[in-house]
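> here is my input, please return the structure:
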Amino acid sequence: MKKLLIALAVAAAFAVPAAAQGTGGFQFGLTGGLSVPQSDTSNVFDNGYHGGLVLNYELPALPLGIRLDGDYHRMDLKTGAYVGSGSAKIIDGTANVVVGLRILLVKLYALGGVGAYHVQYTGEATGITASSSQTDFGWNAGVGAAFVIGKVSIFVEGRYHEISLENSGGKFKLIPVSAGILF
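Numbers count the residues shown, from 1 in each chain. Below is the predicted model:
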């Protein structure tokens, strides 16, 4: 029991200063992974993929930051559910607040924010091609973990995105599960 208390005290001594130290400053990065449709969206589309760019700024003495993301998502229409084929393509730009806790080389964080989403649907059935697109606002929130060495962070995260589609009165919902790197 005494060894456990000593180990916890040592971990706490390292965690408190490390939590106050972000990497500080600007970082640029790349991200990509699996895009998983949710709720009614999952009835229409299969899992897809995404890739994007990240601009991150962390305050040097606080576990707080601002992150800008730009992503491209693609999900294909479920086969067998509809006659023909089609896809949804989403280009988004989001601004997020990041709050993190860094313990030694690992940073655990939560993030959330708002953004603009351009959603384009294309489909083809019996030789006829149709498409529609709209740009609307949405929000996102999620959690992640990063392995930090100096100014380089390798991270894995999951975020829920909900896009309000004004033209159709519905919502497009997805969870991108991402891996990425910040420099």
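> just the helices in this structure please.
2-20, 40-44 (DSSP state H).
> can you flag the weakest of the ones you listed by average pLDDT?
Lowest mean pLDDT within the helices of the chain: helix 2-20, at a mean of 43.
> grab the most central residue of the chain for me.
The centre of the chain sits closest to R159, judged by C-alpha atoms, centre = their mean, with a distance of 4.5 Å.
> okay, and the beta partners of it?
Assessed by DSSP bridges, R159 has beta-bridge partners G142.
> isn't it up against W139?
No: R159 is beyond contact range of W139, at 10.1 Å (criterion: C-beta atoms under 8 Å). C-beta: built from backbone N, CA, C; applies to glycine.
> OK, contacts around the residue nearest to the centre of the chain?
L111, N140, A141, G142, I175, P176, S178 (C-beta atoms under 8 Å, 6 or more residues apart in numbering).
> quick check: pLDDT value at the fifth one.
pLDDT recorded at I175 is 98.
> what number of residues lie near it?
18 (other C-beta atoms under 10 Å).
> again, but for the first one
When counting by other C-beta under 10 Å, one arrives at 22 neighbours for L111.
> where's it relative to E157, distance?
Counting by C-beta to C-beta, to the nearest Å, the gap from L111 to E157 is 8 Å.
> now the second one
Counting by C-beta to C-beta, the separation of N140 from E157 is 11 Å.
> ok, the two, which is more surrounded?
N140 (22 against 19).
> my read: that one touches Y117, true?
No: if you go by C-beta under 8 Å, N140 and Y117 don't touch, sitting 9.6 Å apart.
> can you pull the residues that touch both of those two?
With C-beta under 8 Å, 6+ apart as the test, N140 and Y117 both reach H161.
> now the strands for the chain?
Under the criterion DSSP state E, the chain carries strands at the ranges 25-37, 48-58, 64-76, 85-103, 106-125, 128-149, 152-165, 170-182.
> buried ones in the shortest one?
Right, the one you point to is strand 48-58. G48, H50, G51, G52, V54, N56, E58 (16 or more other C-beta atoms under 10 Å).
> mind putting those residues in TSV, distance to F26 and pLDDT included?
Below are the buried residues of strand 48-58 laid out as TSV (distance: C-beta to C-beta, whole Å; pLDDT from 0 to 100):
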residue	distance to F26	pLDDT
G48	30	98
H50	23	98
G51	21	98
G52	17	98
V54	11	98
N56	7	97
E58	8	93
